[in-house]
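Trainee: this one's sequence-less:
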């Protein structure tokens, strides 16, 4: 069997085992990953910065006793520092090149992982499709006419295409779970404070952004969390310590769990039949595992809640653009995309007092959500309202494009203070992804489960959200679902090795 085929078939845990047993070398794995990266690059366009030379050097010296020794990896081109590597954030703003590593980068290297590339992101992670003026369209290995989602779409494309078995990702409003749902992967949005963002930042988007990974298997997701979790001295807060290892949790039977399922759209927007079928599939698998599943309604997670979330993001984007202008020594308004510019300007006109009020309201709703769902070990709900969209499907067209153009060119941002217009733009931004932001606001962990493949052959995952700090139950449950369904054996057909 070729090394490329081994890379394509195995998860990270399996590849590390082969390295430790001497059956394959880190150099062979890295060379195979680079070759596959280049072979699939025209099809999926998922690489921001190749790191091939550095990867080959690291492969020669990596300690083969490390837990993930020699395993090829990718790091997202957003929100994490790699010493000497330009970070673009999916933007045409001049890149930032750090003279330090983020704590997470250091932990990945200490585990034996070998980054071969940085992965594409939409501009500053703001779209849930990975398409940008700077890097173009990142495409889905299951069908290159469709999206891998965003904002960690490049990471998901590289894993789904068999270039790397797992990749760093981040999630501020679904950016780990949406690409996982679109690409047939496992994606854990961790509890707030579980992994550090330092020293690049202390927190991002008022604590709503978290980092972890997308992977092919639950055991990889768990092992990666074991190797990277825990606050460092610069962390502003920390998640509760786990009772044991996350890998051990993924390896054990979950017992009989009390689950709930939430089916409604918090935006009141249409949900496709395929999404509801995927949710039914997850419920059936859970019942097959011996768990009870109750139907619940979260009536207070509504349009007002989602509007408050969107306004906090707008204010965060405005602050980010200020920081970028300070970094490069000039305005960046001409560098950024039209939608980013409109959102940033809107964030500038929301009073600080209103943002504080909004955050207090979001926290109050989060406390209610956490309290009322605490009786359940996990709550199942959708991630995406429709199967993976065709590339370009979320670009504004017709009247929507005209409105966005007028808001931008005529500086009519104050019109977004009109609730009906703001609501219209919110719906256009979130009609594909109604649910993921809920748990970025509450800080709860949530894991994407690749339970379904549509009649057209596209993955469509759902999520299970847990109690704050309780990734262990989610991982145990997810591993059981993986075993029952057999999803870990599914592979995207793109350039399958002989």
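Mentor: Here it is on my side, so go on. Bear in mind the structure is a predicted one, so any value in this text is a computation, not a measurement.

Trainee: only C-alpha atoms from now on, for both contacts and neighbour counts.
Mentor: Fine.

Trainee: could you chop the chain up by domain?
Mentor: What automatic domain parsing lists as the domains of the chain is 3-252+480-489, 303-375+395-430.

Trainee: now render these as a markdown table, adding mean neighbour count and mean pLDDT.
Mentor: Output for the domains of the chain, formatted as a markdown table (neighbours: other C-alpha atoms under 10 Å; pLDDT from 0 to 100):
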| stretch | mean neighbour count | mean pLDDT |
| --- | --- | --- |
| domain 3-252+480-489 | 23 | 98 |
| domain 303-375+395-430 | 16 | 97 |
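
Trainee: roughly how far apart are the residue sitting nearest the centre point of the chain and residue 298?
Mentor: Centroid-nearest residue in the chain: residue 176, 1.3 Å away (criterion: C-alpha atoms, centre = their mean). Per C-alpha to C-alpha, to the nearest Å, residue 176 is found 23 Å from residue 298.

Trainee: same question, residue 349
Mentor: 31 Å.

Trainee: beta-bridge partners for residue 186, please?
Mentor: residue 215 (DSSP bridges).

Trainee: show me the contacts for it.
Mentor: 177, 180, 214-218, 221, 447-450 (C-alpha atoms under 8 Å, 6 or more residues apart in numbering).

Trainee: then residue 188?
Mentor: Neighbouring residues of residue 188 by C-alpha under 8 Å, 6+ apart: 176-177, 212-214, 221, 445-448.

Trainee: how far off centre is the lengthiest helix in the chain?
Mentor: Counting residues, the longest helix found in the chain (DSSP state H) is helix 303-328. With C-alpha atoms, centre = their mean, to the nearest Å as the basis, helix 303-328 stands 19 Å off its chain's centre.

Trainee: and stretch 491-498, by the same measure?
Mentor: With C-alpha atoms, centre = their mean, you get 23 Å for stretch 491-498.

Trainee: and that stretch, average pLDDT?
Mentor: Computed over stretch 491-498, the mean pLDDT rounds to 95.

Trainee: that older thread, reformat the contacts of residue 186 as JSON lines; add secondary structure and distance to residue 426.
Mentor: Formatted as JSON lines, the contacts of residue 186 follow (DSSP: H, G, I helix; E, B strand; the rest coil; distance: C-alpha to C-alpha, whole Å):
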{"residue": "177", "secondary structure": "helix", "distance to residue 426": "20"}
{"residue": "180", "secondary structure": "helix", "distance to residue 426": "23"}
{"residue": "214", "secondary structure": "strand", "distance to residue 426": "27"}
{"residue": "215", "secondary structure": "strand", "distance to residue 426": "30"}
{"residue": "216", "secondary structure": "coil", "distance to residue 426": "32"}
{"residue": "217", "secondary structure": "coil", "distance to residue 426": "34"}
{"residue": "218", "secondary structure": "helix", "distance to residue 426": "33"}
{"residue": "221", "secondary structure": "helix", "distance to residue 426": "32"}
{"residue": "447", "secondary structure": "strand", "distance to residue 426": "25"}
{"residue": "448", "secondary structure": "strand", "distance to residue 426": "24"}
{"residue": "449", "secondary structure": "strand", "distance to residue 426": "26"}
{"residue": "450", "secondary structure": "strand", "distance to residue 426": "27"}
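
Trainee: any idea how far apart the tips of stretch 191-199 sit?
Mentor: Chord length of stretch 191-199, first to last residue, is 19 Å (C-alpha to C-alpha).

Trainee: what's next to that stretch, contact-wise?
Mentor: The contact list for stretch 191-199, computed with C-alpha under 8 Å, 6+ apart, reads 79-80, 102-104, 202-203, 207-212, 228-232, 234-240, 443-445, 468-471.

Trainee: which of these fall within strands?
Mentor: Judged by DSSP state E, the subset of the contacts of stretch 191-199 located in strands is 210-212.

Trainee: output the residues you listed as CSV; include the columns distance to residue 412.
Mentor: Below are these laid out as CSV (distance: C-alpha to C-alpha, whole Å):
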residue, distance to residue 412
210, 33
211, 35
212, 38
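
Trainee: ok, residue 395 to residue 337 distance?
Mentor: Taking C-alpha to C-alpha, one finds residue 395 at 12 Å from residue 337.

Trainee: one more: residue 142?
Mentor: The spacing between residue 142 and residue 337, counted by C-alpha to C-alpha, is 28 Å.

Trainee: got it, and residue 385?
Mentor: Shown here: residue 385 relative to residue 337, a distance of 26 Å by C-alpha to C-alpha.

Trainee: residue 309 now?
Mentor: As judged by C-alpha to C-alpha, residue 309 and residue 337 stand 21 Å apart.

Trainee: so which of the domains of the chain is nearest residue 283?
Mentor: Nearest of the domains of the chain to residue 283, taken as C-alpha to C-alpha: domain 3-252+480-489 at 10.2 Å.

Trainee: strands of the stretch 1-150 of the chain, residue ranges please.
Mentor: In the stretch 1-150 of the chain, the segments counted as strands under DSSP state E, counting those that start in this stretch are 47-50, 72-76, 86-87, 96-97, 114-119, 131-132, 136-137, 139-140, 143-147.

Trainee: nearest to residue 270, out of the ones you listed?
Mentor: Across these, closest to residue 270 is strand 143-147 (C-alpha to C-alpha), at 19.6 Å.

Trainee: hmm, who's touching the closest one?
Mentor: 43-44, 129-130, 138-140, 153, 182, 388-391, 458, 494.

Trainee: just the residues you listed now: which is nearest residue 51?
Mentor: When the contacts of strand 143-147 are compared for distance to residue 51 (C-alpha to C-alpha), residue 44 wins out at 17.5 Å.

Trainee: and the closest one, how far from residue 36?
Mentor: Distance from residue 44 to residue 36, by C-alpha to C-alpha: 12 Å.

Trainee: before we move on, back to that, now, the most widely separated pair of the contacts of strand 143-147?
Mentor: Checked with C-alpha to C-alpha, the contacts of strand 143-147 reach their widest spread between 129 and 494, with 19.7 Å between them.

Trainee: now residue 100: how far from residue 213?
Mentor: Distance from residue 100 to residue 213, by C-alpha to C-alpha: 21 Å.

Trainee: the contacts of residue 188: which two are farthest apart?
Mentor: Greatest spacing in those, by C-alpha to C-alpha: 214 and 445 (14.3 Å).

Trainee: and the helices in the stretch 351-498 of the chain, which stretches?
Mentor: With helices called from DSSP state H, counting those that start in this stretch, the stretch 351-498 of the chain shows them at 352-373, 399-409, 419-430, 437-442, 471-485.

Trainee: relative to residue 121, which of those is closest?
Mentor: Ranked by C-alpha to C-alpha, the member of the helices of the stretch 351-498 of the chain that lies closest to residue 121 is helix 419-430, at 16.6 Å.

Trainee: identify all contacting residues around the closest one.
Mentor: With C-alpha under 8 Å, 6+ apart as the test, helix 419-430 has contacts from 127, 267, 269, 307, 310, 394, 415-416.
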